[in-house]
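Student: take this sequence and fold it.
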Amino acid sequence: MWLASPALPIGGFSYSECLEAAVDKALVATEKDASAWLIDQLNMSLTRSELALVAQAIPAWRANDLQRIAALNTWVLQTRESSELRAQSEQMGRSLLDWLRNHTTATPEQIGLLASLQPTFPMAFALAASATGALVSECLLAFAFGWAENMVQAAIKSVPLGQSAGQRILSKLTAATPAAVDKAMTTNDPDRQAFSPMLAILSAQHETQYSRLFRS
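Tutor: Numbering: from 1, shown residues only. All right, here's what the predicted structure looks like:
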């Protein structure tokens, strides 16, 4: 639950993951639009990419499979589709690694290994979660809920929407999350993917957007 908190000091609140660009292009203008956009992003992007990767990374950390850990981290770096999205994963990964240095949920050897690999957020989260004793599915629920809360807050600020609208969107996202986790748990290497061309285009456009609140 702690790892799912938006208050975790890793900077997740500062990213909209292209939602702000979608608002700027009038692709998202209402509560209904924002809800549909985020549900699609959960199912077509997060589930097939980060959630599926975390599902594989947690057992790798628990087995101390260093080769597998390095390969999964490289996959994240190679599949970010814009400089913004890669910078987000790297910054949040470094910040979570710094947080882990002040806690007992990872060994110095594990932290040192990930630090040497240009750490990404999914791999740092998997490391933090691997020592909790929670089921992999429970860790994925936490990961997805933390993402959902951050994205709903981004929608509230950028569309903009009221708090009640935000809660309605969050309710829909949480209702869709268990099925997304189940799908991620059964996604193997050949099926894991990070292919979201509209998000990639919007992210590239957001880099030069005239006025913005978020870093992505």
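Student: could you use CA atoms for every contact and neighbour count after this?
Tutor: Noted.
Student: and Ala87, how close does it get to Pro6?
Tutor: According to C-alpha to C-alpha, to the nearest Å, Ala87 stands 19 Å off from Pro6.
Student: need the helix or strand of the chain with the lowest average pLDDT.
Tutor: Here the helix or strand of the chain ranked lowest by mean pLDDT, DSSP states H and E is helix 108-115, holding a mean of 91.
Student: residues of it that come out buried?
Tutor: Going by neighbour count (16 or more other C-alpha atoms under 10 Å), the buried part of helix 108-115 is Ile111, Leu114, Ala115.
Student: equivalent analysis for stretch 147-156, please.
Tutor: Trp147, Ala148, Glu149, Asn150, Met151, Val152, Gln153, Ala154, Ala155, Ile156.
Student: which stretch of helix or strand covers the second one?
Tutor: With the criterion set as DSSP states H and E, the secondary-structure element containing Ala148 is helix 136-158.
Student: show me what that helix is in contact with.
Tutor: Contact with helix 136-158 is made by 1, 3-6, 12-13, 15-17, 19-20, 23, 34, 38, 51, 54-55, 58, 125, 129, 161-163, 165-166, 169-170, 173-174, 177-178, 181-182, 185, 213, as judged by C-alpha atoms under 8 Å, 6 or more residues apart in numbering.
Student: ditto for stretch 46-63
Tutor: Here stretch 46-63 makes contact (C-alpha under 8 Å, 6+ apart) with 66, 68-69, 72, 122-123, 125-127, 129-131, 136-137, 140, 143-144, 180-181, 183-188, 191-194.
Student: in helices, which of those residues appear?
Tutor: Among these, the ones falling in helices (DSSP state H) are 66, 68-69, 72, 122-123, 125-127, 129-130, 136-137, 140, 143-144, 180-181, 183-185.
Student: restricted to buried residues, select the residues you listed in ChimeraX.
Tutor: Command for ChimeraX that selects the buried part of the ones in helices among the contacts of stretch 46-63, burial taken from 16+ other C-alpha under 10 Å:
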select :68,69,72,122,123,125,126,127,129,130,136,137,140,143,144,180,181,184,185
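Student: just the pLDDT for the spatially most central residue of the chain.
Tutor: Centroid check for the chain by C-alpha atoms, centre = their mean gives Trp147 as the closest residue, at 5.5 Å. For Trp147, the pLDDT comes out at 96.
Student: same deal with Gly133?
Tutor: pLDDT at Gly133 comes out at 89.
Student: what of Val76?
Tutor: Val76 is assigned 96 on the pLDDT scale.
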